[in-house]
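In: The following block contains a protein sequence and its predicted model.
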Amino acid sequence: MNYKSKDDFLTNVKLKFPNENEFHQAVEEVINSIWDTVQGDENYLNNNILDRIVVPERAIIFRVPWVDDNKKVHVNLGYRIQFNSAIGPYKGGLRFHPSVNLGILKFLAFEQIFKNSLTGLSMGGGKGGSDFDPKGKSDNEIMKFCQSFMTELSKHIGHNTDVPAGDIGVGGREIGYMFGQYKRLRNEFTGVLTGKKTDWGGSLIRPEATGYGTVYFVDEMLKTRKDNLSGKVVTISGSGNVAQFACEKLIQLGAKPVTLSDSSGYIYDSNGITLEKLEFVKELKEKRSARISEYAKKFNVEFIEGKTPWEVVCDIALPCATQNELNVDDAKLLTKNGCFVVAEGANMPSTTDAVHHFINEKILFGPGKAANAGGVAVSGLEMSQNSTRMPLKSEEVDNLLKGIMERIHSTCVTYGTKEDFINYVDGANIGGFVRVADSMIDQGIV
Ligand code: NDP
Ligand code: 2IT
């Protein structure tokens, strides 16, 4: 189809997929970056890449019935979005959270296409999950839910087809229950999921990878201004997998993280969170229902209820909780207070207006699809370790992760630099897109 303009294209996407606001937001950001590249290339135009890339190859929705400890029957919705397989099997996490819906999973799967491309590994884009709420559920209930979810999902995935992993509400425990059920149904032990425990095929450093990778990316961004992490005050949101390991790497590299949060509020530790205090958070958050306010009680620091940490003075901000958790007012407050680096550990945590503000202010802004790609990158390394059946050592994985984050950074610089300013949003979107689009063309109209 011929479009008069970018806006015309985006209007069409919104009409075709109504009520998928987060998906519209993610598409708009990518299209804004890649529009000129596409318009300047006959091959992309003749192959109608834009119309094709915004439609998932497949979106599966299914019923997940399960029985709680009181014998009550529940039904949740299960999803898997298999968005794009041009450069490899679908790859992306599973999210268990009551807010999950089709639009949210489509945004996540769409982002994943470009993120996975940036890693340089062979992984297409996918995402899935359920509106199931793990909070307050017993271990037995989590297992029953995971088994029912996998009973249907197993028909659609496989180590060469689609390889899910964790995301919000899904960690090593849930991956274990799902892996067990897959193996039982298929009678095969394959690398069908990543984020497994290391005793049965998981990669070392996978739990750490997203948070560590985000901090490695920040370090690369700082180098462009001949700066480093030493002594930098950092605000972090979230207190789950990504937030914990971003915090850990920051401490190891000499920075001073001062906040963590959850959906109830944030803690502010002006002396800096230490590795010992972080151990307490890790143990606390093993129980999914536990609240970060316990930290404030234990270490006698402030807990600010119902708020996000963006009002705290900092040099660097790392949103590591969820989408649209940092709005334009937060963005203005951050830059007014001197924050000059924002890197997204979460997926799309900054609203569109907040991103525009950061770019207008010319701060170092690392979008999620670049800054948090370390998690899926180590998932890719887990897949290769499963194929060769040769586990790597922890320093080997960490070095590979560092190398991948450096390469993603340099891709952003290559595609995003204009008049001495690195627009990491454009860089990540164009750099991720080109490889996928060229591969789609090579493989014909499919
Ligand atoms: P976890 O489930 O381990 O932790 C999620 C954290 O975010 C919790 O502190 C949670 O608080 C908070 N949170 C979740 N939803 C909301 C909400 N609606 N409002 C406020 N706080 C919220 O998830 P992860 O750490 O794995 O994921 C965090 C982010 O990172 C997500 O955007 C995810 O997509 C992204 N990501 C994760 C990767 C991974 O490998 N795990 C890889 C790349 C990106 P509460 O307990 O109160 O809900
Ligand atoms: O958003 C993400 O990149 C993830 N949740 C990790 C996906 C993966 O397959 O490891």
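Out: Happy to help now that I have it. Ligands and ions are numbered 1, 2, ... in the order given.
In: Output stretch 1-17 as CSV, nothing but the C-alphas.
Out: C-alpha atoms of stretch 1-17 as CSV (Å, rounded to 0.1, in the frame of the first residue of the first chain):
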residue,chain,number,x,y,z
MET,A,1,0.0,0.0,0.0
ASN,A,2,1.2,3.6,-0.7
TYR,A,3,1.2,5.9,2.2
LYS,A,4,1.2,9.7,1.8
SER,A,5,3.2,10.1,5.0
LYS,A,6,4.4,8.5,8.2
ASP,A,7,1.3,9.7,10.0
ASP,A,8,-0.9,8.1,7.3
PHE,A,9,0.9,4.8,7.8
LEU,A,10,0.5,5.0,11.6
THR,A,11,-3.2,5.9,11.3
ASN,A,12,-3.6,2.8,9.3
VAL,A,13,-1.9,0.6,11.9
LYS,A,14,-4.2,2.1,14.6
LEU,A,15,-7.3,1.4,12.5
LYS,A,16,-6.2,-2.1,11.8
PHE,A,17,-5.4,-2.9,15.4
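In: For that stretch, the averaged confidence score.
Out: Across stretch 1-17, pLDDT averages out at 95.
In: Just give the nearest non-adjacent residue to residue 302, would you?
Out: Excluding the flanking residues, the one nearest residue 302 by C-beta to C-beta, 6 or more residues apart in numbering is residue 268, at 4.7 Å. (C-beta placed from N, C-alpha, C; glycine too.)
In: surely that neighbour meets residue 258?
Out: Yes. Residue 268 lies in contact with residue 258 (C-beta atoms under 8 Å); the separation is 6.2 Å.
In: Mind listing the shared neighbours of the two?
Out: residue 312 (C-beta atoms under 8 Å, 6 or more residues apart in numbering).
In: give me every residue that touches the residue nearest to residue 302.
Out: Here residue 268 is in contact with 258-259, 301-304, 309, 312 (criterion: C-beta under 8 Å, 6+ apart).
In: State the distance from it to ligand 1.
Out: 16 Å (C-beta to the nearest ligand atom, to the nearest Å).
In: Tell me what that residue is bridged to.
Out: residue 259, residue 302 (DSSP bridges).
In: Let me know the pLDDT of it.
Out: According to the model, residue 268 carries a pLDDT of 98.
In: Now residue 211. Nearest residue, chain neighbours left out?
Out: Closest residue in space to residue 211, ignoring its immediate chain neighbours: residue 245 at 2.9 Å, by C-beta to C-beta, 6+ apart.
In: Tell me, how many residues neighbour the one you found?
Out: Neighbour count of residue 245, defined by other C-beta atoms under 10 Å: 26.
In: Look up how far residue 421 lies from residue 303.
Out: In this view, residue 303 and residue 421 are 38 Å apart by C-beta to C-beta, to the nearest Å.
In: quick one: secondary structure of the closest residue to ligand 2 within the chain?
Out: Nearest residue of the chain to ligand 2: residue 93, at 2.9 Å (C-beta to the nearest ligand atom). Following DSSP: H, G, I helix; E, B strand; the rest coil, residue 93 is assigned to strand.
In: Over to residue 77?
Out: Following three-state DSSP, the label given to residue 77 is strand.
In: what's the neighbour count on it?
Out: Other residues close to residue 77 by other C-beta under 10 Å number 15.
In: How about residue 431?
Out: 25.
In: ok so, going back, which of the contacts of residue 268 are buried?
Out: 258-259, 301, 303-304, 309, 312 (16 or more other C-beta atoms under 10 Å).
In: Can you give me the distance of residue 361 to residue 428?
Out: For residue 361, the distance to residue 428 - C-beta to C-beta - is 18 Å.
In: between those two, which one's more packed in?
Out: Per other C-beta under 10 Å, whichever of residue 361 and residue 428 has more neighbours is residue 428, with 31 against 15.
In: For the helix or strand the more buried one falls within, buried residues please.
Out: Here residue 428, judged by DSSP states H and E, is contained in helix 424-442. Judged by neighbour count using 16+ other C-beta under 10 Å, the buried positions of helix 424-442 are 424-441.
In: what is the orientation angle of the longest helix that the chain contains with helix 424-442?
Out: As assigned by DSSP state H, the longest helix anywhere in the chain is helix 394-416. If you take axes from the mean of the first three to the mean of the last three C-alpha atoms, to 10 degrees, helix 394-416 sits at 90 degrees to helix 424-442.
In: Please see if helix 394-416 touches ligand 1.
Out: No. On the criterion C-beta under 6 Å from any ligand atom, helix 394-416 is out of touch with ligand 1, staying 12.1 Å away.
In: What does the pLDDT read for the residue in the stretch 201-350 of the chain positioned nearest to ligand 1?
Out: Proximity of the stretch 201-350 of the chain to ligand 1 (C-beta to the nearest ligand atom) peaks at residue 240, 1.8 Å away. At residue 240, the pLDDT value in this model is 97.
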